[in-house]
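Undergrad: fold the following and give me the result.
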Amino acid sequence: MSTVETEVNSKLDLKVQIDKPGACERHVVVTVPRAELDRYFRKAYDEIAPRADLPGFRAGKIPRKLLEARFKKTVADQVKSNLVMDSLQQITESGEFSAISEPDMDYGAVRLPDAGDFTFEFKIEVRPEFDVPKWEGLDLVKSEYTLTDDEVERQLQRTLERVTPGEACDGEAQLGDRMLINADFLVDGKQISGFSEELVTLREKLSFADSIVEDFGKAFTGVKEGALVSTNFKLLETSQNETLRGKEVVGNFEVVEIRRVNVEGLSNSQLSELGFDSAGELRDFVRAELKRQGEYHQNQLLREQIVKKLTEGANWDLPPALVRRQADRELQRRVLELRRSGFSDDQIRSVVNSMRRNIEEQTTAALREHFVLERIAEDLKIEPTEPEYDEEIKLIAEQGDSSPRQVRAKLERTGQMDAVRNQILERTVINRITEAAKVKVEAAGSILKADPEEFAVEFLVAPVAQTLPEAKYDEQPEDGASDKAGVKPT
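TA: As a prediction, the model looks like this:
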């Protein structure tokens, strides 16, 4: 543990002792000399004297000792608040550390002394200290994807599968069909959760936030409407419900309906409902969507190479509390990045499910990457501009039914504008590094992946709120998944 003492000579004459219990943690003890307390008290009494109202005295004519006796507690509270706030601002602006959270302080325990200096302390999470890695002249490989008319047609089929309910059919279910299903989940014969009329796509696997039905495709291929299917699977060891981790679950499913999409049978009214005037316009939309997805994958592969090189040795220990708090923010950032890149909610949920299964490790890696990229951004004086925010929000809005204004309002209301800032900033830094790199271009084949093996449902089979005695998303996105009206991960 090292200690740094700094005399801060600006608005306040402070003595600041900074201990470093960890790479991202600081314990700060602040000492304010008595002369500074007296100065703040004089200023506070000078401010209230002209406005103070005491019987028998005209405004501004109250004796100082009487004023101090009458308003001692009020002024002391004000001085304490002002001193703490001014000290914190002065310390954070001094450049001794770069804070990434609010100070952790027991404000109620802070007391102003009747005599002598004023001392208070706090803990704060900070960005680790490190030298900016050499980022110019990196050797990188850039993947170039192709896009053909046949691939656009295949993607059109997938797009219609996710945005239209399809038509009911009486035949046997086959991979790629959509099914409306009911489900009950049991552990040791007791029900722990379930859902009704969930629309899923029949894939080889069905994934939830805390488990995977590995034989889903095998169990349901060939069944008909009304079929009852039972299959066993295990809860993951990363399940949020610690008491049920690794437990075997019996899933009882009922096939309510089988649906199939008929691309050729799409009517003008159906096209209109989807927001298109013609099939050609719909195809143009699908082509543009695929192009954006190709750019996303291209940029992700470049990013992976860059951060791997730049974060070598960046093995700082991150406080578990910091990682847990940042986990949801990292999920939000990834969702926004995928949404602006043209991926559907189905594809995004598949990624989210995968991330949730190993969220702390992925968040730790993402934090280390962000610290390095943000440090480079500071050196390059990169900060997102308002037009960049507008463009980012516009692209996010294009994947939903909301306007850019509505999307911005929601992001501001839910505190996600920081996530937007971070993804713009990181992408800009990656682009600058790529421009200064030695880039070798390689053909990467088709951007269109094979039909995904997995369909993702955002649902907790073992919700945290329940225990057994009371029983009543691959890193790269793929096609497939569904909205969930059941128990949401917390």
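Undergrad: the helix or strand harbouring residue 181 pairs with which strands, parallel or anti?
TA: If you go by DSSP states H and E, residue 181 is part of strand 178-187. According to DSSP bridges, strand 178-187 forms sheet pairs with strand 190-201 (antiparallel), strand 248-260 (antiparallel).
Undergrad: quick check: residue 123 vs residue 371, distance?
TA: 19 Å (C-beta to C-beta, to the nearest Å). Where C-beta positions appear, they are placed from N, C-alpha and C, glycine not excepted.
Undergrad: who has more neighbours, those two?
TA: For residue 123 and residue 371, the more surrounded residue by other C-beta atoms under 10 Å is residue 371, and the numbers stand at 20 against 15.
Undergrad: show the contacting residues for that one.
TA: Contact analysis of residue 371 by C-beta atoms under 8 Å, 6 or more residues apart in numbering lists 127, 128, 130, 314.
Undergrad: again, 6 Å this time
TA: For residue 371, the contacting residues are residue 127, by C-beta atoms under 6 Å, 6 or more residues apart in numbering.
Undergrad: what strand or helix carries it?
TA: Under the criterion of DSSP H and E, residue 371 resides in helix 359-379.
Undergrad: list the buried residues for the helix or strand just after that helix?
TA: Heading C-terminal from helix 359-379, the first helix or strand you meet, by DSSP H and E, is helix 386-397. The neighbour-count check on helix 386-397 (16 or more other C-beta atoms under 10 Å) flags 388, 389, 392, 393, 395, 396, 397 as buried.
Undergrad: skip the chain neighbours and tell me the closest residue to the second one.
TA: For residue 389, the nearest residue in space outside its immediate sequence neighbours is residue 420; the separation is 6.5 Å by C-beta to C-beta, 6 or more residues apart in numbering.
Undergrad: burial of the one you found, as a residue count?
TA: Residue 420, neighbours per other C-beta under 10 Å, totals 24.
Undergrad: so that it lines up with my notes, have the first residue be 10 from now on.
TA: In the new numbering, first residue 10, that becomes residue 429.
Undergrad: pLDDT wise, what is it at?
TA: pLDDT recorded at residue 429 is 93.
Undergrad: got it, and residue 472?
TA: What the model reports as pLDDT for residue 472 is 92.
Undergrad: how close does residue 309 sit to residue 445?
TA: For residue 309, the distance to residue 445 - C-beta to C-beta - is 19 Å.
Undergrad: give me the more crowded residue out of the two.
TA: Taking other C-beta under 10 Å, residue 309 and residue 445 do not tie; residue 309 has more neighbours (17 against 12).
Undergrad: and that one, what helix or strand is that in?
TA: In this assignment (DSSP H and E), residue 309 forms part of helix 288-319.
Undergrad: then residue 460?
TA: For residue 460, there is no enclosing helix or strand under DSSP H and E.
Undergrad: quick one: contacts for residue 170?
TA: Contacts of residue 170 (C-beta under 6 Å, 6+ apart): residue 270.
Undergrad: that one - that's part of a helix, no?
TA: Yes. With the criterion set as DSSP: H, G, I helix; E, B strand; the rest coil, the secondary structure at residue 170 is a helix.
Undergrad: show me where the stretch 60-209 of the chain has its strands.
TA: With DSSP state E, counting those that start in this stretch as the criterion, the stretch 60-209 of the chain has strands at 127-134, 148-155, 176-177, 187-196, 199-210.
Undergrad: residue 38 in helix, strand or coil?
TA: strand.
Undergrad: run through the bridge partners of it.
TA: When assigned by DSSP bridges, residue 38 has beta-bridge partners residue 26, residue 130.
Undergrad: ok, it touching residue 132?
TA: No. Residue 38 is not in contact with residue 132 according to C-beta atoms under 6 Å; the separation is 10.6 Å.
Undergrad: show me what contacts residue 131?
TA: Counting by C-beta under 6 Å, 6+ apart, residue 131 makes contact with 37, 112, 114.
Undergrad: change it to 7 Å
TA: Neighbour list for residue 131: 37, 112, 113, 114 [criterion: C-beta atoms under 7 Å, 6 or more residues apart in numbering].
Undergrad: look at the first one and report its pLDDT.
TA: We note a pLDDT of 95 for residue 37 in this prediction.
Undergrad: helices or strands up against the helix or strand harbouring residue 437?
TA: Assessed by DSSP H and E, residue 437 sits inside helix 426-444. Applying 3 or more C-beta pairs under 7 Å, 6 or more residues apart in numbering; DSSP states H and E, we find helix 426-444 packed against helix 288-319, helix 329-349, helix 368-388, helix 395-406.
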